[in-house]
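Engineer: coords please:
(3 chains)
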Amino acid sequence: MNFDIFVHSPAFILGIPLLFAFLTPLVNRLSEQLRNVVFGIGLVLTAFFVGLMSYQVLTEGSWLYVFGANQPEPQNLLSYFYFRITFVADSFAVLATITISITAVAAGIYSYGFMKDETGLNKFYTLFLLTLAGVNGMVLTGDLFNLFVWFEVTSVASCALVAFRNYRGRSVEAALKYMVLSTVGGLLVLFSIGLMYGQYGVLNYALLTQSISGTFIDKLALGLLVVIFAMKASSAPMHMWAPDAYSEAPGSVTPFIAITSLGSLFVLFRLLFGVIGVNVDPSVSGTLLIILGVLSMIVGVTMALVQTDLKRLIAYLSVSQVGYMMMAVGVGLATLNSADYQNFGTLAMKGGLFHMINDGVYKALLFLSAVAVVHVTDIRSLNKLGGLAHDMPYTTVFFLIGALSIAGIPPLSGFSSKLLIYQSVYLYSPVLAIVALVVSIITLAVVGKAFFNAFLGPDQGLAEKKVPSSMLFGMGLLTVVVIIFTLFPNLIVSEIVSPAVKALVGVMP
Amino acid sequence: MIDIGIVLEGIWSPIVFILVIILASIVAYWLYRMGNSQYEKTEHSGDPFISGNRPPGDIRKIHVGGDNLFWGLTKALKDYFDPLIEGHTGKLNDYMYWVVVTLAVVLVYIYLVV
Amino acid sequence: MSWESLLLMMPYITVVLLMVIGLFTVLFKKNLIKIIMGITIMQNGANLFLVSLAYRSGEYAPIFTSAESTDMVMPTPHALTLTSIVIGLATTALMLSFTIMIKRHYGSINTEDVRRCKE
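Structural biologist: Numbering: from 1, shown residues only, chains lettered A, B, ... in the order given. Predicted coordinates:
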């Protein structure tokens, strides 16, 4: 029997982080250096298997991975669906896992230098890898019950990560709020899963897509799923947990917490396009996405404008960026069944999904460089920071690249995706494009404020220590990725994003 | 929705954009070179000033804080910002309240429209 | 609606009651412990919902008995419920330990006092 490692890669993407998560505390008993090495190997191996899966999907096409089947791609799918755990390895999952992996590797390397002085690090690395497994499971899974399980794994692990510095009261407070919202959300998701199971007797995405007809109960399930996953994706007006959790989590995992909410957004899109949204009425769920997205954009960016805490400011910016993706994909969903989809709907989808992968990377870069400032000076307030460009030249450059990218200044990567969004959304409704442009301008004002306050001005000697080299390396890695996305947007769109749009809109394998 | 008859695909090439930036920098440098090379820095050139006067105190300490930037904008739009800031109360019940309210609105919308 | 069909609806009515009571508690109770109790009530509601979905009149539980295999109900909801109970235990334990730490830091478990993260 031949063992094709490419075909089995989805299992490894889950298995490797789970294995290494529980290996790190054991290795920690031997030596702390070795534990760090094991953690790094776990991250890089996961990213490696993501690479293998991506290669296989992009060259050979997508497949449905069935756990425990005697062959990885069973011919008679229906007989397997009732009992087996299925994973969907398609281009959309590739897009999601690539975004997650880049951020995870960068944040993991960054953690070495950042968390050096903390105690209980073996648990930190365990939680980190568990969160990674949870998010990957959430975007890869092919049935609703697994979705619930990975949703809760992600919630528990990421909430524990937020509360990791439990000597700070605020961290625990933020974690508790996040946890209560996630748990109630998880229960409502379970409830809506029950609603669908009770009607159709299946949990698999592909089978549900065929059977859901838009009954009274389906609409209830649709509403629950949209609201809960939008809440997890930190969409306004349910965004309030996000600034708390992002700003109080240990700095090195802040982008990773943000990635869990981006993962929820990926799941929301998959559910809307692949399971329930299209069957009820795509224009309704599309309109919902657009409304939530516009609200998030406006509320996020205006709240960011009045923040004086550096990490909170970027957290609010991340809320407004989520709005862009929801709006763009919402336009794609709203026009799905009309001729407009070919005209501009598909362009909007491309813009939205390209913005997701862009946003995952540059937001992480922005968070990490802001955290480096906080790490070095131990000050968060923008009223007190200043003149750090004299002491931290590399961090300044990294922050500037991230800031210009999030504000959509050409030629950086944020501009390429925002341009796609502006063009396509304009054809749907000019008002949306105007809102997007204005929000982009205010974003520039916000990051300008942050950059001006923290880095420019006379040297005030605030930097107490040097930025550790591992932190610089983590930020440098993300900068390289941002520059690649900047220089070759066409390549990324045609090779990764367009297949993802096709996989998302088309039927499941 | 408006019909402009064409489908916008757009042309965006970051390479060209970067080339233009480099070209512009070369031109700017050339203009800079044309300047007077005999200029000498006096004692106070480059110092910050407010309305033509030297600001009081140590000029090295002058820094515009986060609250000061966009102060006018936030003051002018006070009616918009204040409810937004106060709305984020930090109370767990209020966070849940927003989720439930959104859920209710979304469900009403779905049942009314479909 | 006959008396019998109302009796058959009883589990679902209980589910709705439990969910609403739990949600009400999370919304309107200020005490963190009570909020977590509300979440547990909601968990029980969701679990009861899944178990009542599995019930089919005249069929047998999917365990080793002499019943015909066609007479057994699908075991999926039971697996779902077991997993959900385990997850519920984990989340409840984590939230309670957060509450202990909040009591240490803030000296209170009233949500009116636990609000340093705001604006």
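Engineer: and residue C:108, what is it in contact with?
Structural biologist: With contact taken as Cβ atoms under 8 Å, 6 or more residues apart in numbering or on different chains, residue C:108 is in contact with residue C:114. Glycine gets a C-beta too; all of them are placed from N, C-alpha and C.
Engineer: repeat that with 10 Å
Structural biologist: Contacts for residue C:108 were tallied using Cβ atoms under 10 Å, 6 or more residues apart in numbering or on different chains; they are C:31-32, C:102, C:114.
Engineer: which residues touch the residue sitting nearest the centre point of chain C?
Structural biologist: By Cα atoms, centre = their mean, chain C has its centre lying nearest to residue C:43, at 1.4 Å. Residues counted as contacts of residue C:43 (Cβ under 10 Å, 6+ apart) are A:183-184, A:186-187, A:190, C:18-19, C:22, C:84-85, C:87-89, C:91-92.
Engineer: Residue in chain B with the shortest distance to chain A?
Structural biologist: At 2.9 Å from chain A, residue B:66 is the closest residue in chain B, using Cβ to the nearest Cβ.
Engineer: which among the contacts of residue C:108 end up buried?
Structural biologist: C:32, C:102, C:114 (16 or more other Cβ atoms under 10 Å in any protein chain shown).
Engineer: Could you pull up phi and psi at the residue nearest to the spatial centre of chain B?
Structural biologist: By Cα atoms, centre = their mean, the mean C-alpha position of chain B lies nearest to residue B:70, the distance being 9.5 Å. Phi and psi for residue B:70, reported as degrees, to the nearest 10, are phi 60, psi 20.
Engineer: isn't residue A:392 right next to residue A:468, touching?
Structural biologist: No - counting by Cβ atoms under 10 Å, residue A:468 is not a contact partner of residue A:392; they are 12.0 Å apart.
Engineer: and these two? which has more neighbours close in?
Structural biologist: residue A:392 (23 against 17; other Cβ atoms under 10 Å in any protein chain shown).
Engineer: List the contacts of that one.
Structural biologist: A:369, A:372-373, A:376-377, A:398-399, A:454-455, A:462-463, A:466-467, A:472.
Engineer: any idea how far it lies from residue C:5?
Structural biologist: 71 Å (Cβ to Cβ, to the nearest Å).
Engineer: ok, back up a step: next, format the contacts of residue C:108 as CSV and append secondary structure, distance to chain B and pLDDT.
Structural biologist: Converted to CSV, these look like this (DSSP: H, G, I helix; E, B strand; the rest coil; distance: Cβ to the nearest Cβ, whole Å; pLDDT from 0 to 100):
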residue, secondary structure, distance to chain B, pLDDT
C:31, strand, 11, 93
C:32, helix, 8, 93
C:102, helix, 11, 93
C:114, coil, 7, 87
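Engineer: among these, which two are most distant?
Structural biologist: C:31 and C:102 (11.7 Å; Cβ to Cβ).
Engineer: Which neighbours do the two have in common?
Structural biologist: Joint contacts of residue C:31 and residue C:102 (Cβ under 10 Å, 6+ apart) are C:108-109.
Engineer: Low-confidence stretches in the chain?
Structural biologist: As the question left the chain open, I've gone with chain A. Where chain A drops to pLDDT under 70, the residues are A:1-2, A:69-83, A:507-509.
Engineer: hmm, I had chain C in mind actually
Structural biologist: C:1, C:67, C:69.
Engineer: got the contact list for the residue in chain C that chain A sits nearest to?
Structural biologist: Closest residue of chain C to chain A, Cβ to the nearest Cβ: residue C:105 (3.1 Å). By Cβ under 10 Å, 6+ apart, residue C:105 lies in contact with A:166-173, C:114, C:116.
Engineer: same thing with residue C:22?
Structural biologist: If you count contacts by Cβ under 10 Å, 6+ apart, residue C:22 has them with A:184, A:187, C:35, C:37-46.
Engineer: Identify the residue spatially nearest to it, adjacent ones excluded.
Structural biologist: The shortest distance from residue C:22 to any residue other than its chain neighbours is 3.2 Å, reached at residue C:42 (Cβ to Cβ, 6 or more residues apart in numbering or on different chains).
Engineer: quick revisit: identify, from the contacts of residue A:392, the entry nearest to chain C.
Structural biologist: The closest of the contacts of residue A:392, once distances to chain C are taken by Cβ to the nearest Cβ, is residue A:454, at 19.1 Å.
Engineer: can you tell me which helix or strand the closest one belongs to?
Structural biologist: Per DSSP states H and E: residue A:454 is located in helix A:430-455.
Engineer: Buried residues of that helix, list them for me.
Structural biologist: Neighbour-count burial for helix A:430-455 [16+ other Cβ under 10 Å]: A:432-433, A:435-437, A:439-440, A:442-455.
Engineer: ok, the residue nearest to residue A:354 when sequence neighbours are not counted - how many residues close by?
Structural biologist: Counting by Cβ to Cβ, 6+ apart, residue A:417 is the residue found nearest to residue A:354 once chain neighbours are left out, at 4.2 Å. Here the number of neighbours of residue A:417 (other Cβ under 10 Å) works out to 29.
Engineer: Please apply the same query to the one 4 residues further on.
Structural biologist: With neighbours defined by other Cβ under 10 Å, the count for residue A:421 comes to 28.
Engineer: list the contacts for it?
Structural biologist: With contact set as Cβ under 10 Å, 6+ apart, residue A:421 has these partners: A:324-325, A:327-329, A:331, A:347-348, A:350-352, A:354-355, A:408, A:432-433, A:436-437, A:440.
Engineer: Return the backbone torsion pair for the residue nearest to residue B:99 when sequence neighbours are not counted.
Structural biologist: Nearest non-adjacent residue to residue B:99, counting by Cβ to Cβ, 6+ apart: residue A:238, 5.1 Å away. Dihedral pair for residue A:238: phi -110, psi 30, per degrees, to the nearest 10.
Engineer: Residue A:238 touches residue A:178, doesn't it?
Structural biologist: No - the criterion here is Cβ under 10 Å, and residue A:238 misses it with residue A:178 at 11.8 Å.
Engineer: Quickly list what's touching both of these two.
Structural biologist: What both residue A:238 and residue A:178 touch, as defined by Cβ under 10 Å, 6+ apart, is the set A:232, B:95.
Engineer: Give me the packing partners of the helix or strand hosting residue A:152, helices and strands only.
Structural biologist: For residue A:152, the element it lies in under DSSP H and E is helix A:144-162. Counting contacts by 3 or more Cβ pairs under 10 Å, 6 or more residues apart in numbering or on different chains; DSSP states H and E, helix A:144-162 is packed against helix A:9-28, helix A:121-140, helix A:169-200, helix A:205-211, helix A:216-232, helix A:241-248, helix A:254-274, helix C:76-106.
Engineer: which one of the ones you listed is the most hemmed in?
Structural biologist: helix A:241-248 (a mean of 28; mean count of other Cβ atoms under 10 Å in any protein chain shown).
Engineer: Do any residues in it lie close to chain C?
Structural biologist: Yes - applying Cβ under 10 Å from any Cβ of the partner chain, one finds helix A:241-248 touching chain C at A:241, A:243-245, A:247-248.
Engineer: which helices and strands sit right next to that helix?
Structural biologist: helix A:144-162, helix A:169-200, helix A:216-232, helix A:254-274, helix A:282-305, helix A:310-334, helix A:346-377, helix B:92-113.
Engineer: just checking, residue A:287 touches residue A:330?
Structural biologist: Yes - counting by Cβ under 10 Å, residue A:287 touches residue A:330, with 7.1 Å between them.
Engineer: quick one: contacts for the residue nearest to the centre of chain B?
Structural biologist: Going by Cβ under 10 Å, 6+ apart, residue B:70 touches A:305-306, A:442, A:445-446, A:448-449, B:76-77.
Engineer: Quick one: these as JSON lines, columns for distance to residue C:65 too.
Structural biologist: Converted to JSON lines, these look like this (distance: Cβ to Cβ, whole Å):
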{"residue": "A:305", "distance to residue C:65": "67"}
{"residue": "A:306", "distance to residue C:65": "66"}
{"residue": "A:442", "distance to residue C:65": "67"}
{"residue": "A:445", "distance to residue C:65": "70"}
{"residue": "A:446", "distance to residue C:65": "66"}
{"residue": "A:448", "distance to residue C:65": "72"}
{"residue": "A:449", "distance to residue C:65": "70"}
{"residue": "B:76", "distance to residue C:65": "76"}
{"residue": "B:77", "distance to residue C:65": "71"}
